[in-house]
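Q: any chance you can model this:
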Amino acid sequence: MAWFKRNKEGITTSTSEKKETPEGLWYKCPKCKVITAVEDHQANLWVCANCNYHEKINAKEYFKILFDNGEFTELDPNMRSVDPLNFVDTKKYSDRLAEAIKKVKVNEAVTTGVGKLNGRDIVIAAMNFNFIGGSMGSVVGEKIARAMKYGIEHRVPVMTISKSGGARMMEAAYSLMQMAKTAAMIARMREAGIPYISLLTDPTTGGVTASFAMLGDINIAEPGALIGFAGPRVVKETIGKDLPEGFQTSEFLLEHGFIDFIVERKNIREKVDFFLQCVM
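A: Purely as a prediction, here's the structure:
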């Protein structure tokens, strides 16, 4: 009858030497669900080696990819948004800004810098999506406009990397004015003969799409990026019809002439350098 009784000897397991799996060692692709080592994923430029899904990355990562040796000088690093309307939704806008700065460790939803790409000077403005959804407020528009002004004054090509949910609602008309501001600076660059490259990544929507993101001398996109003004759900509800398969993906936009070509992240440097060789 020993099997009815619990034998306390030999069944206790010590947990003092149990090894916990450290966090951050593995990456699970949100598209194909394949798990890979984070180190390998980063070495592949944050692109899934199994399905080619391009993971969202911020300015810091793009600058490592594009600038020679990852070296650059940041422009206007200390500019921060304020709360001109004392906006309150679920929380104060000023509190949300403070939380984003602390969490993301950048001061705004865009980082601008000047450096070299294959030995050629270039200004790059790249958006940080995890800073309030990469939304465009007054400081985002001002930093991009100043980056373009720098390009004009120093005769340096300008590149923007868009990843945004659109205009920042907490700043109302202040944010919408940035669409006109950035578009006006692009017109000035064209008059001065300064090349402007726009790279659209996942997602690029709203007022960013309706302004500087689609006004490049050449508009390129990463594979599978969602690009549009309003989201697919809003469009479907507005027109009351089903949308075509792949609607608002970069592949759909390429087929319909909205962008010039699609480029994988590993080939961005080569493609941008080739374009600049052709125009400068």
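Q: domain ranges for the protein?
A: With domains defined by automatic domain parsing, the chain comprises 22-55, 56-279.
Q: could you tell me the end-to-end distance of the last one?
A: When the termini of domain 56-279 are compared using C-alpha to C-alpha, to the nearest Å, they are 30 Å apart.
Q: quick check: mean pLDDT across it?
A: Taken as a whole, domain 56-279 carries a mean pLDDT of 96.
Q: chain center to that domain, what's the gap?
A: Here domain 56-279 is found 7 Å from its chain centre; the criterion is C-alpha atoms, centre = their mean, to the nearest Å.
Q: return the most buried member of the domains of the chain.
A: Ranked by mean neighbour count, these are led by domain 56-279 with a mean of 18 (mean count of other C-beta atoms under 10 Å). (C-beta placed from N, C-alpha, C; glycine too.)
Q: could I get stretch 30-43 in CSV with only the CA atoms?
A: What follows is stretch 30-43, C-alpha atoms only, in CSV (Å, rounded to 0.1, in the frame of the first residue of the first chain):
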residue,chain,number,x,y,z
PRO,A,30,4.9,38.6,-35.1
LYS,A,31,4.2,37.4,-38.6
CYS,A,32,5.5,33.9,-39.0
LYS,A,33,5.9,33.2,-35.2
VAL,A,34,9.4,31.7,-35.8
ILE,A,35,11.7,32.2,-32.8
THR,A,36,15.3,33.3,-33.3
ALA,A,37,18.1,34.6,-31.1
VAL,A,38,17.9,38.4,-30.5
GLU,A,39,21.6,38.6,-31.4
ASP,A,40,21.0,36.9,-34.8
HIS,A,41,17.9,39.1,-35.4
GLN,A,42,19.9,42.3,-34.8
ALA,A,43,22.7,41.0,-37.1
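Q: which stretches of the stretch 101-250 of the chain form helices?
A: 138-154, 173-192, 206-209, 232-239, 250-255 (DSSP state H, counting those that start in this stretch).
Q: which among the ones you listed is found nearest to residue 220?
A: helix 250-255 (8.9 Å; C-beta to C-beta).
Q: what's in contact with whichever helix or strand comes after that closest one?
A: Per DSSP states H and E, the first helix or strand lying C-terminal to helix 250-255 is strand 261-262. Defining contact as C-beta atoms under 8 Å, 6 or more residues apart in numbering, one finds that strand 261-262 is touched by 220, 221, 222, 223, 250, 251, 254, 271.
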